[in-house]
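>>> no sequence for this one, just the structure:
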């Protein structure tokens, strides 16, 4: 099973073509594409094949393939609780990205 890196905007350029998990706040959403402000403040455009419902200002986790440093091709979306702390999340993934010991490992079902 392949793992997906948890990323913020500063990490996207090195993940082009890879599947990732990104968390951010919805800026705009027309159903098939949304502008998302990621945990580090970077803004990306996420495109979906199916309609994804998430209200502006809601927090979401997106599973996606990185198109380029500012574009994601979304595969799945989860709306998060409003009390999710983006700044703590950003600190955690930034720390984890610097240390191999904390890299996500695949789970075996």
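Done, it's in. Bear in mind the structure is a predicted one, so any value in this text is a computation, not a measurement.

>>> can you pull the buried residues of the host helix or strand of residue 64?
Using DSSP states H and E, the element containing residue 64 is strand 59-68. For strand 59-68, the buried set under the neighbour-count rule, 16 or more other C-beta atoms under 10 Å, comprises 59-62, 64-67. For the C-beta atoms, the positions are set from N, CA and C on the backbone; glycine is no exception.

>>> what's the average pLDDT for it?
The average pLDDT within strand 59-68 is 96.

>>> and it, how far out from the chain's middle?
Strand 59-68 sits 4 Å away from the centroid of its parent chain (C-alpha atoms, centre = their mean, to the nearest Å).

>>> do the same with stretch 72-92
The answer for stretch 72-92 is 6 Å, by C-alpha atoms, centre = their mean.

>>> average model confidence for it?
95.

>>> contacting residues around that stretch?
Residues outside stretch 72-92 that contact it (C-beta atoms under 8 Å, 6 or more residues apart in numbering) are 8, 12, 19-20, 22-25, 36, 39-40, 44-48, 52, 54, 58-67.

>>> at 6 Å instead, please
8, 23, 39-40, 44, 46-48, 52, 54, 58-65, 67 (C-beta atoms under 6 Å, 6 or more residues apart in numbering).

>>> related to what we said a few turns ago, give the other helices and strands that the strand holding residue 64 contacts.
Of the remaining helices and strands, those touching strand 59-68 by 3 or more C-beta pairs under 6 Å, 6 or more residues apart in numbering; DSSP states H and E are strand 19-29, strand 71-79.

>>> most packed of those strands?
Most buried of these, by mean neighbour count (mean count of other C-beta atoms under 10 Å): strand 19-29, with a mean of 19.

>>> Mind checking which residue lies nearest the centre of the chain?
residue 22 (1.1 Å; C-alpha atoms, centre = their mean).

>>> partners of the nearest residue to that residue once chain neighbours are set aside in the sheet?
Excluding the flanking residues, the one nearest residue 22 by C-beta to C-beta, 6 or more residues apart in numbering is residue 62, at 5.1 Å. Residue 62 has these beta-bridge partners by DSSP bridges: residue 22, residue 77.
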